[in-house]
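>>> Structural data only, the sequence is not supplied:
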C-alpha cells in the first residue's frame, strides 16, 4: 500500500499463518522429543531428528493429510520469520545485536522452509526413506560449504553462529525473556512458564552441541563429523549415564514443542509497522 501499512485482511492472514507455523513447529518437536524419550526408557521409540519425525507422521492414520497441514504451517512459520527479520516486527533494532538476531530469524525461515519442502516431498513420495536420519542434511550443507572459497572457515563460522544462537536461546529461557511477547493469563503462566523456560534452555543446549559438531567438522575438514539433532542424541547415548542424559534432553525438546504450541495461542503477532 502507498501508506506503507499492511492491509487488515493481510494482517489477519499473516497472523493465522504465523500461529499455524508455531503450532507446526511445536508438533515436530513434541514428536522428536517424545520419540526420543520413549527410546531412552526402552519403550520402542526412535531417536529421530525433525525429518525422521515427519517420516513417522507419514505412516500414521491420515498421515498424508496431517503432513500436508504441518507442511503448510511450516511455510507459514518461514513467512513469519522472514517478516520478523525484514520488517523487524519485534523491534530488535539495527545495532550489532539486533542485526545478529534478525539474521538468525532469516536463517530460521530458510531452515523451516526446507523442512516444509521435505514434508511435501514425502507426501508425493519424492522424499528419501532414510529412516529418520537428519544428519544427511547437515552433512550435505557442510560438504557444499567446504567446496567454497574459504570453505573451512565458513563451516567454522556457521558453528560459531549456532553456538551463539544456542546461548541466546538458553538465556532467553533462563531469564524468561519470552514474557514480553506473550499475552497469557496468570493462571496459565503458573504452569506454562516453567515448561517454556526448560524447553528453551534445552533447545539452546542442543544448538550449542550442533555448533560444536560444525567446528569439529571444520577443524578436521570432514563433513561427516557435522550433525543435527539425531547426532546429538547418539552422542549423548554414548556418554556415562547416557540413557538419563538422552531422556533429559528429549523431555526438554518435548517441552520446547509445548512452548511453541503455547506461542501459537498466546504470542503477540504484529506484522504491521
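Done, it's in. Computed from a prediction, not measured in an experiment: that's the story for all the values here.
>>> and the longest helix along the chain, which residues are buried?
For the chain, the longest helix by residue count, based on DSSP state H, is helix 186-220. For helix 186-220, the neighbour count (16 or more other CB atoms under 10 Å) marks 189, 192-193, 195-218 as buried. Using the backbone N, CA and C atoms, a C-beta is placed for each residue, glycine as well.
>>> what do you get for stretch 15-32?
Within stretch 15-32, the residues that qualify as buried are 15, 17-32, counting by 16+ other CB under 10 Å.
>>> In three-state terms, label residue 122 for me.
Secondary structure, DSSP: H, G, I helix; E, B strand; the rest coil: residue 122 is helix.
>>> what sits against the residue nearest to residue 154 when sequence neighbours are not counted?
The spatially closest residue to residue 154, leaving aside those adjacent along the chain, is residue 145, at 4.7 Å (CB to CB, 6 or more residues apart in numbering). Contact analysis of residue 145 by CB atoms under 8 Å, 6 or more residues apart in numbering lists 151, 154-155, 158.
>>> So for those residues, which is the shakiest by pLDDT?
Lowest pLDDT of those: residue 151, 77.
>>> Could you check how many residues crowd around it?
Residue 151: 17 surrounding residues under other CB atoms under 10 Å.
>>> Quickly note the distance from it to residue 77.
Using CB to CB, to the nearest Å, residue 151 is found at 30 Å from residue 77.
>>> and what of residue 64?
Residue 64 is 20 Å from residue 77, by CB to CB.
>>> repeat for residue 266
From residue 266 to residue 77 the distance is 16 Å (CB to CB).
>>> Show me which of the two is the more surrounded one.
Legend: neighbour count by other CB under 10 Å for residue 266 and residue 77, higher for residue 77 (28 against 18).
>>> Nearest residue to that one in space, ignoring adjacent ones along the chain?
In space, residue 77 is closest to residue 21, 2.5 Å off (CB to CB, 6+ apart).
>>> Over to residue 143?
The shortest distance from residue 143 to any non-neighbouring residue, by CB to CB, 6+ apart, is to residue 223 (4.1 Å).
>>> how many other residues sit next to that neighbour?
Residue 223 has 21 nearby residues by other CB under 10 Å.
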